[in-house]
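**Q** Sharing a model that was predicted from the sequence below.
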Amino acid sequence: MQSSLKPGLNSHAAIVGLALDTPTIVGAKNATKILRSGTVVTVDADRGIVYCGQKKFA
């Protein structure tokens, strides 16, 4: 997964993620300051929620 601190429909991260068929998050504000490398999270993109750890959805 890639991430970017600055949102935008045409942001470089969004375009690269689309081209590589990789889930990409843009506009994550301070996520790179909060999350350490290797931290496992689950993102519910429909609700805009980030869970700590791996979560299974029904």
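**A** Arrived safely, thanks for sending.

**Q** Who are the contact partners of the spatially closest residue to residue 57 that is not a sequence neighbour?
**A** Closest residue to residue 57 apart from its sequence neighbours, by C-beta to C-beta, 6 or more residues apart in numbering: residue 44 at 7.3 Å. (Glycine included, C-beta is placed from N, CA and C.) Listed by C-beta atoms under 8 Å, 6 or more residues apart in numbering, the contact set of residue 44 reads 50, 51, 57.

**Q** do residue 39 as well
**A** Per C-beta under 8 Å, 6+ apart, neighbours of residue 39: residue 52.

**Q** CA atoms only for the helix or strand containing residue 14, dumped as CSV, please.
**A** Residue 14 belongs to helix 12-19 when assigned by DSSP states H and E. C-alpha atoms of helix 12-19 as CSV (Å, rounded to 0.1, in the frame of the first residue of the first chain):
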residue,chain,number,x,y,z
HIS,A,12,1.2,11.2,-8.2
ALA,A,13,0.6,8.5,-5.5
ALA,A,14,-3.0,8.0,-6.7
ILE,A,15,-1.9,7.7,-10.4
VAL,A,16,1.0,5.3,-9.5
GLY,A,17,-1.3,3.2,-7.3
LEU,A,18,-3.9,3.0,-10.1
ALA,A,19,-1.3,2.0,-12.7
